[in-house]
Structures are given as structure tokens and as C-alpha cells.
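1. Build the 3D model from these lines:
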Amino acid sequence: MTARRFVFWFAFTAGLTYAQSPGQLEIRGTVVEGALGIGGVTVTLYEFGHTPAESTTRTVFATAFTDAAGKFAFHPTRTGDYYVEVQKESYFAESYNGPTVDPADSTGDPVRVDGEHPRQEREFSLMRLGELRGRVVDEEGKPLANLRVAIRPGTITPVVTDQDGNFTATKLRPGDYLVSVLPRAPEILARFSEEDLNVVDQDLQVLNWPGVPVPVRSGASLSVGTITALKTPYYRAHVSVQSGDCSAGEKWTFADRPEMAGFGPTVPCGKEFLIRNLAPGTYTFTLAATKRPGEARRSASVSVEVTDRNIEVAMTMSTGADISGRIVTADGSPLTPGGRITVATRPLRGVLGASQVATPDATGKFMITGTTSDRQRVEIMGLARQFYVKEIRYNGLTVADGIFTPIPGAPGQLDIVIDNQAATINGSVAGYDRVSARVMVVAVKWPLSTDTAMQALLNTAAGTVADDQGRFQIGGLAPGEYRVLAVTTGDLAQVSPDAMSRAEKVTLERGSSQSVSLKIVEP
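-> Below you'll find the model as predicted:
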């Protein structure tokens with residue numbers, strides 16, 4: 001054997017031994033609560049099968065417990081794909097996102113060890129949920145039973161006082177909370193007398209207690225003490241409806257907030273009704289009729305100001321606007337954007353059930369019928385990556401940010417101009433391998449529209465999920481300034497305007513491509 005062949009053979013066999021030696025492969029990590037390690041956590045290492053037929057089947061390779069510093073280690077017997085799962089009683093995954101879903105009682109991450117990566121290290125975060133307790137009494141010190149208590153930002157289950165006025169809000173993620181005593185919601189009276197029109201109701205004042213957020217730490221149980229609820233006048237609105245005859249089988253629903261249009265209580269078709277328990281303030285009364293096949297959508301909307309007396313409100317039902325639309329190219333070339341394109345108009349204030357979606361034909365023409373009179377945002381989906389929306393015009397006038405107001409009962413023309421010189425943002429995310437959740441990269445057009453809430457903007461922003469190397473690419477972007485940020489998918493719903501100030505600033509030219517390096521932003 002020549003010297004060169006000996007060296008090659010030695011390096012090959014040494015590498016093979018290194019990759020398969022139990023003493024050389026290692027999967028280790030730490031389980032923390034905040035900055036402190038958690039001892040006694042059950043850590044399970046699963047091994048995936050090593051044949052194609054078994055590649056999606058996992059079996060338990062070993063189980064261990066973290067030491068006092070929260071550390072653990074495994075030494076697999078061979079290279080391959082594994083999964084590490086951590087779990088401890090009364091602890092939950094820190095990626096738990098909000099009060100509307102139950103938190104997961106475990107968390108984990110896939111791990112691969114091979115000759116190039118014989119040692120892998122992971123960090124997992126767990127938390128304990130806390131609770132808030134208190135008692136609600138009236139001005140005479142008597143307990144208020146069956147009273148709804150709001151815990152903000154929220155709880156998984158409703159919080160209601162018992163017969164002694166006591167309440168407990170459980171399963172609270174560590175954070176700052178406000179306790180609110182709330183009155184009854186506005187109520188619809190389909191039948192009422194002349195005397196009912198003059199009654200002024202009494203109910204509880206809206207009270208945020210103790211006036212500043214209460215910090216609930218991991219595993220803590222805190223009392224906010226006794227809350228004294230005060231009563232205050234609430235008023236009534238007598239609503240009469242014009243042009244309100246109902247067709248057979250039609251139903252009307254009422255809402256005092258535009259985002260709940262179509263999902264409120266049922267009200268009498270074509271008749272008057274009474275709303276009671278209205279606190280002073282500004283409301284948007286909305287009536288929505290069910291839409292039957294072949295019928296135009298009918299609705300009514302009016303802004304109402306409640307001050308210090310009962311009021312009369314007149315509403316008029318009418319059909320929405322019918323909009324003819326077309327997609328055209330900026331240079332006048334034939335429309336060949338590729339893919340399945342859809343055009344949607346969505347009420348700016350998030351009116352549920354009022355969005356309209358249309359699919360353009362081969363020439364780019366489409367029709368949207370029965371659009372409500374609320375301000376609408378135009379959204380275009382399915383364009384090929386080389387295209388971007390250059391301009392949107394309603395009745396010949398350019399609309400900023402794709403927002404326009406339909407004219408009820410009148411036809412409209414919507415023109416969407418696209419250009420085939422879209423810009424691209426690509427790059428990588430630093431530290432992606434230190435988080436257990438997927439990393440989302442979003443590009444938000446800047447500056448923010450004053451008409452758009454942060455979450456509505458994020459829902460329409462361009463975005464993609466970084467790959468397993470932290471790399472990403474976002475295409476189909478219009479020229480202009482952007483804010484680009486990386487955030488774990490579990491935190492996306494909590495992104496605040498403050499987080500946007502820490503995003504990367506990018507200015508794009510028509511048809512350009514820019515590369516950026518991002519850090520994961522905490523919401």
C-alpha cells in the first residue's frame with residue numbers, strides 16, 4: 001500500500017469509526033424557565049427508522065432527566081434522525097400562543113447527527129401558568145354573583161363570580177394583566193311598549209382594576225383584593241328601518257360593531273326594534289341580510305353617538321355596489337401572469353362575512369357583486385413571482401394602499417395594473433437553529449397606512465418561512481421602502497408597532513434584488 005493510499009484509507013476508516021462510535025455522538029441541551037435551568041424534566045430521545053419504509057416511524061431510544069442546572073445529554077449508538085422531547089408536570093411549552101388555545105404540555109425539536117455534525121445542542125423553554133383571584137361587591141358591600149369578569153389580554157375559559165362574589169382566572173401565561181368588571185352587553189327587544197322607549201337603564205361602570213397591569217409570574221397565584229363595582233346610567237336606541245321589506249326566508253342580523261356584522265343577534269325584518277344597555281360612546285349600527293342565490297346582498301350601516309339620553313335611529317336597507325374589474329399589464333402586453341389569480345375586496349374594518357372573492361377570466365376581467373359600502377381593501381393573490389401590483393384605480397382614480405369606498409347601488413370600475421419587473425428580498429436568519437419553532441420572515445410596505453391595524457397589515461404583508469438553513473426569499477414586491485423582520489411563527493400574532501422599529505430597512509428599485517441578514521425579533 002502506497003503512502004498516499006494509506007493516508008486516504010486511514011482518514012476514511014477513522015471518519016467511519018468516528019461517526020458510529022457511541023462515545024463520539026452526542027445530543028445534549030438545557031431546559032430553562034426564563035434564564036434558570038429546570039431540574040427533573042423528563043427528556044425523551046426518539047429515533048427514526050434507518051430504512052426508507054421506517055423513516056417516518058419513531059421509537060424511544062432513551063429517557064433521561066435534567067440535572068439541577070437543567071442540562072441533559074444522550075449518546076446515540078449510530079448516526080441518523082432523532083427527536084428530543086421535554087416534559088414536566090405543571091410546566092407547558094413557552095411557545096404557547098394566546099388564551100384561545102390550550103397550552104401544550106411538552107415541546108421538542110428534530111435533531112440529526114452524522115459525521116459532519118456528531119454533536120448537537122438544543123435549548124428548550126418551559127413555563128408554569130399562573131392565576132389571578134379576587135372578589136367583586138356592590139356599593140353596599142354585598143357580593144355580586146354570576147358577574148362576568150374580563151381578564152386582559154385574556155383567559156381560556158370565561159371568568160364568572162360565584163355566590164360570594166369570588167372569582168379565579170386560571171391558566172394565565174406569565175405577563176401583565178388587567179382585571180375588568182363589565183356590564184351586560186347591549187340587548188335587542190323585538191317587542192316593547194311606549195313606556196320602554198323612555199326607560200333609562202342602570203348597570204355597572206366599566207372598571208379596570210387595579211388601574212395598572214398586574215404582573216403574573218410563572219406559577220404565581222395572586223389576589224387583586226376586593227373590587228367595588230359602581231352603577232351608572234345606560235341608554236336605549238329605538239331603531240326604525242326604511243326599505244326594509246323581507247323576502248321569503250330572509251333573516252336580518254344586528255351588530256353595534258362593524259367587525260361583528262353578519263354574526264350578531266337576529267332582529268325583526270322590516271320592523272322597528274329597541275336596543276337597551278348602551279353605554280355613552282360612538283357605535284356603528286349594522287344590519288346584514290342573508291343573501292340567497294341570485295339575490296343582491298342588502299345591508300345598512302350608520303354611525304351613532306350615545307350621550308346622556310335615549311335616541312331615535314333610522315336605517316335604510318340597500319343593495320351593495322356591483323363592481324366590474326379587470327387586470328391589465330403596465331406595458332399593454334397580453335395578460336399572461338400564470339398561476340390561479342384571485343381578487344378579493346375586504347372591508348377595512350374587518351366586517352366578518354362581507355368579503356368578496358372573484359376569479360378573473362383569461363383576459364383578466366372579473367365581477368364582484370353586492371360589495372358593502374364600508375371602505376374596502378383590494379387584495380390580489382396568485383400572481384407569478386415576477387409580477388407586482390403597480391396601481392389600482394376605482395372609477396378612474398388611483399386609490400392609495402388599494403383602499404376605496406364603493407358607492408352603494410351604483411356600478412363601479414376597478415382596474416388593477418400589474419408589472420413584470422417585481423423586486424426580490426433574499427437572505428438568511430441568524431440564530432434560527434436556537435429556536436424550536438419555525439421562523440417567519442415578513443416584508444411590510446412602509447410607511448404604515450393610518451387606516452390599517454398592525455395585525456391586518458401583517459395578514460396582507462409578503463412573507464415566507466425560512467428553510468432549515470435559515471435562508472429565505474420573498475418575491476413579487478413592488479418598488480419602494482420596506483421593513484423586513486424575522487419572528488417565530490408562534491409570536492407572529494403578537495407583533496407590535498414597536499417590534500417594527502427593530503426591523504431591517506430595505507429600499508427596492510423596480511426589478512432589483514437585495515440580500516439582508518436578519519436577527520429574530522421579539523414581539
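2. quick one: Val313 and Val306 touch, right?
-> No: using C-beta atoms under 8 Å, Val313 is not in contact with Val306; the gap is 9.9 Å. Every residue, glycine included, has its C-beta placed from N, CA and C.
3. joint contacts of the two?
-> Taking C-beta atoms under 8 Å, 6 or more residues apart in numbering as the criterion, Val313 and Val306 both touch Ala237.
4. Compare those two and say which is more crowded by neighbours.
-> Neighbour count, other C-beta atoms under 10 Å: between Val313 and Val306, Val306 has more, with 21 against 16.
5. and the more buried one, how far is that from Glu312?
-> 12 Å (C-beta to C-beta, to the nearest Å).
6. Quickly list what's touching both of those two.
-> Joint contacts of Val306 and Glu312 (C-beta under 8 Å, 6+ apart) are Ala237.
7. where exactly do the strands run in the stretch 301-450 of the chain?
-> Applying DSSP state E, counting those that start in this stretch to the stretch 301-450 of the chain gives strands spanning 311-316, 318-319, 321-329, 342-347, 356-358, 365-371, 376-381, 388-394, 397-398, 403-404, 412-419, 423-430, 439-446.
8. And Glu121, its phi and psi?
-> phi -130, psi 140 (degrees, to the nearest 10).
9. In this structure it contacts Phe72, no?
-> No: in this structure, Glu121 is not within contact of Phe72 by C-beta under 8 Å, at 10.5 Å.
10. Touching both of those two, which residues are there?
-> By C-beta under 8 Å, 6+ apart, Glu121 and Phe72 have these common neighbours: Arg28, Gly29.
11. Looking at the two, which has the bigger crowd around it?
-> More crowded of Glu121 and Phe72, by other C-beta under 10 Å: Phe72, with 22 against 13.
12. what are the pairing partners of the helix or strand harbouring that one, and which direction each?
-> Using DSSP states H and E, Phe72 sits in strand 71-74. Applying DSSP bridges, strand 71-74 is found paired with strand 26-33 (antiparallel).
13. one step back: got the contact list for the strand holding Phe72?
-> Strand 71-74 is contacted from outside by 26-31, 37, 41, 43, 45, 61-62, 64-66, 84, using C-beta under 8 Å, 6+ apart.
14. Could I get the full set of helices for the chain?
-> Counting by DSSP state H, the chain has helices at residues 3-20, 454-460, 497-500.
15. per-domain residue ranges of this structure.
-> 3-127, 130-186+203-229, 234-318, 321-419, 423-519 (automatic domain parsing).
16. out of these, nearest to Leu197?
-> domain 234-318 (5.5 Å; C-beta to C-beta).
17. give the contact list for Trp209.
-> Taking C-beta under 8 Å, 6+ apart, we find Trp209 in contact with Gly134, Leu178, Val179, Ser180, Val181, Val224, Ile227.
18. For it, give me the pLDDT.
-> According to the per-residue confidence, Trp209 scores 86 in pLDDT.
19. what's the spacing between it and Gly175?
-> Taken as C-beta to C-beta, the span from Trp209 to Gly175 is 17 Å.
20. least reliable of the helices of the chain going by mean pLDDT?
-> Lowest mean pLDDT of those: helix 3-20, a mean of 35.
21. quick one: contacts for Thr329?
-> By C-beta under 8 Å, 6+ apart, Thr329 lies in contact with Leu335, Val417, Ile418, Asp419, Asn420.
22. could I get the residues you listed as JSON lines with neighbour count and pLDDT?
-> Formatted as JSON lines, the contacts of Thr329 follow (neighbours: other C-beta atoms under 10 Å; pLDDT from 0 to 100):
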{"residue": "Leu335", "neighbour count": "16", "pLDDT": "71"}
{"residue": "Val417", "neighbour count": "16", "pLDDT": "95"}
{"residue": "Ile418", "neighbour count": "24", "pLDDT": "94"}
{"residue": "Asp419", "neighbour count": "18", "pLDDT": "94"}
{"residue": "Asn420", "neighbour count": "17", "pLDDT": "91"}
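23. Could you give the bridge partners of Ala255?
-> Thr286.
24. Can you give me the distance of it to Ser299?
-> 11 Å.
25. ok, those two, which is more surrounded?
-> Taking other C-beta under 10 Å, Ala255 and Ser299 do not tie; Ser299 has more neighbours (26 against 22).
26. hang on, the more buried one packs against Thr290?
-> No: Ser299 lies out of contact with Thr290 (C-beta under 8 Å); the separation is 10.8 Å.
27. beta partners for the closest residue to Phe61 other than its chain neighbours?
-> Nearest residue to Phe61, sequence neighbours excluded (C-beta to C-beta, 6 or more residues apart in numbering): Glu47, at 4.1 Å. For Glu47, the beta-bridge partners are Thr59, Tyr82 (DSSP bridges).
28. Assess the claim that Leu25 and Gly115 are in contact.
-> No: using C-beta under 8 Å, Leu25 makes no contact with Gly115, being 9.7 Å away.
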